[in-house]
Structures are given as C-alpha cells and as structure tokens.
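K.L.:
sequence unknown, structure follows:
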C-alpha cells in the first residue's frame with residue numbers, strides 16, 4: 001500500500017510540474033511577443049508590420065554609456081532620459097524572473113545556501129556542497145550571472161536584427177541595460193524564494209511566475225497609455241484641420257527628419273539624440289523660414305486607435321526661443337524642408353497626444 005501511495009503521489013507531483021511548466025511556457029511566449037512588438041515593430045501598426053523593415057536609421061554604438069552622455073549633452077529632458085534608461089532595463093525584468101524557474105536546481109540556491117551541508121533526521125551528512133549530484137547545485141550568484149548573460153544575449157540579438165534589417169539604431173548600452181534588468185529580475189526571484197520558505201506561504205515558483213505576469217500586464221498598460229501607437233490595429237477615422245497651411249510642401253520629400261536634438265540660437269539640429277554627430281543634421285532658421293506645429297490626437301478604445309485627428313498651427317519666430325523650445329523638447333519628431341541644404345524653408349514639429 002505504501003508503494004501504491006508513493007506512486008500516486010509521484011504521479012500527482014509530475015502532473016503539477018507539467019502544468020507549472022506549461023503555465024511558464026505560456027507566459028514566456030507572451031513575453032517574447034511583447035518584446036518583439038516593443039523593440040522591433042514599435043513604429044508601425046499591427047496590421048502593417050512589414051513597414052518597419054528598412055524604416056529606421058541604421059547606426060551602431062559600441063562605446064558604453066555613449067548614448068547617455070549624448071542625451072546629457074543635448075537638450076533632452078531629464079524625465080525623458082531617465083525613462084529611456086529605466087525602460088530599457090525594465091523590459092528584461094520578467095526574463096530574469098522566469099529564467100531560474102525552468103531549471104530544477106534553482107531551489108538549491110536557497111535551500112542549501114549554494115553548497116552548505118545539510119543533515120537528515122538521522123544526522124547523516126547529505127553531502128550538499130560536495131562532488132556529485134548535490135555538489136553540482138548552483139549558487140545564487142551563479143544563477144544571477146547566468147540570467148545577466150541571457151539578458152545580454154537576448155538584447156544583443158534584437159540589436160543585431162535592428163541593424164541588419166534597418167529597423168532602428170543598435171547600441172551597446174541597450175545590451176548592458178538588458179543584462180542589468182535580467183539580473184535584477186533574477187535577484188527578485190531569489191528573494192521571493194527566501195521569503196516564501198521562511199513564511200511558508202505561496203510556493204516561490206508560483207510567486208515569481210505570477211509577478212512576471214503582473215509586470216507584463218502593467219508594462220502593457222503603461223505602453224498603451226503612454227504610446228498607444230505601438231499597439232495600433234489600424235486607424236478607423238481621421239480628419240485634418242488647417243491643412244492648407246502646409247499643403248504647398250507637405251506632399252514633397254523633406255530634406256531631414258528625426259528627433260529634436262538641440263536649438264542653439266537659430267541653428268536647429270535633428271536626428272537621433274543617442275547617436276553620434278554623423279546621424280544628425282543642422283539647419284539655419286532664416287527670417288523667411290515657416291515654422292508649423294502639427295498636433296495629432298489619437299482616440300483609443302482599449303489600446304486600439306479608433307480615430308486620428310490632426311491640426312496645424314503656425315508658430316511665430318518671436319516665440320521660438322521661449323515657448324518654441326519647450327514644444328521642441330516635448331515633440332515626437334521634426335521634419336525640415338530645405339532647397340539649399342543649409343537654411344530651413346519649412347519646419348514641421350509633431351506633437352502626439
């Protein structure tokens with residue numbers, strides 16, 4: 001009877017393990033799809049993903065902290081800079097949370113303190129920490145290092161895809177932040193194991209998996225509320241107000257377009273704030289230069305845009321170095337038209353809300 005009960009217990013344990021791995025697999029798939037959408041296809045709607053290929057700037061930065069220094073030297077707001085750095089690391093927190101749960105020796109990091117000897121009820125040394133099966137259990141430090149290496153590898157893969165298919169700039173800082181985020185997530189997972197063992201509450205693996213799922217849901221919610229354009233299914237309704245202000249040139253190809261970098265006197269620089277000077281262009285704002293603000297308002301229902309409403313307004317040059325500077329700092333992009341390649345004939349500043 002004892003043998004039968006032991007067999008039944010093992011079957012139930014195996015079923016629970018299979019169910020748990022299936023649950024983790026579903027979360028991992030959802031997480032990877034989330035990463036692909038946010039990193040590779042952030043600039044296009046879901047029904048037109050192919051448009052992202054070749055749509056970005058192909059650049060690469062292999063100098064650590066170079067992009068941060070570039071943002072500090074440019075007129076990028078502190079909030080935007082902090083959000084960019086923290087966001088890049090936070091994207092890989094769920095990876096670090098999930099990583100240890102796929103390996104059976106994970107619990108050894110907390111159960112044996114990475115190699116301390118344990119004794120059974122009879123006082124016999126179990127040999128944890130020596131050679132053999134128990135001695136091969138990994139320490140918490142090693143698991144965190146492996147999670148960091150995985151985060152760096154996954155982030156580097158995304159950076160390589162962006163460079164090869166010209167879907168955006170590739171930066172070593174993103175790889176380092178990915179490693180830091182994954183290591184932090186793994187550290188949180190280890191902490192959950194320690195707390196759960198001491199308090200004897202929810203199983204630690206369940207806590208870590210649920211926390212990873214919650215982080216993904218929160219991240220999706222923040223993404224939708226902050227930049228719903230990344231999750232658009234398609235625009236259902238649209239209208240343009242005061243379009244006649246830009247109709248004479250809006251249909252032509254601009255000489256330059258990109259993010260706002262700096263405004264020094266009457267010299268406007270656009271491009272990628274995180275990239276080097278080779279990916280930036282500077283134009284002089286002349287007395288006859290026309291400056292326009294393009295305001296785009298998206299109406300969203302559960303994260304899906306159901307309407308896009310655009311309006312244009314002319315900005316007076318007298319306000320360029322006062323209110324204009326604030327508008328440039330908060331804008332989503334700048335487009336410049338120029339006949340001679342030096343002086344801007346028309347400037348359109350885009351704001352999205």
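P.N.:
It's in. Bear in mind the structure is a predicted one, so any value in this text is a computation, not a measurement. Numbers count the residues shown, from 1 in each chain.

K.L.:
can you point me to the longest helix in this structure?
P.N.:
Longest helix in the chain by number of residues (criterion: DSSP state H): helix 2-35.

K.L.:
for that one, packing partners?
P.N.:
Here helix 2-35 touches helix 93-98, helix 204-226, going by 3 or more CB pairs under 8 Å, 6 or more residues apart in numbering; DSSP states H and E. C-beta: built from backbone N, CA, C; applies to glycine.

K.L.:
which positions in that helix come out as buried?
P.N.:
For helix 2-35, a neighbour-count test (16 or more other CB atoms under 10 Å) marks 23, 24, 27, 28, 30, 31, 34, 35 as buried.

K.L.:
pLDDT score for the closest residue to the fourth one other than its chain neighbours?
P.N.:
Taking CB to CB, 6 or more residues apart in numbering, and ignoring the residues beside it in sequence, residue 28 has residue 98 as its nearest neighbour in space, at 5.9 Å. On pLDDT, residue 98 comes in at 83.

K.L.:
with the one 4 residues further on instead?
P.N.:
In the prediction, the pLDDT value recorded for residue 102 is 75.

K.L.:
using the three-state scheme, assign residue 344.
P.N.:
Secondary structure state of residue 344, per DSSP: H, G, I helix; E, B strand; the rest coil, is strand.

K.L.:
does it touch residue 285 like I think?
P.N.:
Yes: assessed by CB atoms under 8 Å, residue 344 is found in contact with residue 285 at 5.6 Å.

K.L.:
neighbours of residue 346, just the number please.
P.N.:
20 (other CB atoms under 10 Å).

K.L.:
wait, it touches residue 252, no?
P.N.:
No: with contacts counted by CB under 8 Å, residue 346 stays clear of residue 252, the gap being 9.5 Å.

K.L.:
got any residues that touch both of those two?
P.N.:
Here residue 346 and residue 252 have residue 337 as joint contacts, going by CB atoms under 8 Å, 6 or more residues apart in numbering.

K.L.:
need the overlap of contacts for residue 344 and residue 285.
P.N.:
Common neighbours of residue 344 and residue 285 (CB under 8 Å, 6+ apart) are residue 268.

K.L.:
neighbour count: those two, which is higher?
P.N.:
Between residue 344 and residue 285, counted using other CB under 10 Å, residue 344 has the larger neighbour count: 26 against 19.

K.L.:
just give me the neighbour total for residue 286.
P.N.:
Residues near residue 286, counting by other CB under 10 Å: 14.

K.L.:
using the three-state scheme, assign it.
P.N.:
Counting by three-state DSSP, the backbone at residue 286 sits in strand.

K.L.:
gap between it and residue 345?
P.N.:
Noted for residue 286: a distance of 8 Å to residue 345, by CB to CB, to the nearest Å.

K.L.:
try residue 96
P.N.:
Distance of residue 96 to residue 345, given as CB to CB: 50 Å.

K.L.:
so for the two, which residue has more residues nearby?
P.N.:
Comparing residue 96 with residue 345 by neighbour count (other CB under 10 Å), the higher total belongs to residue 96, at 29 against 16.
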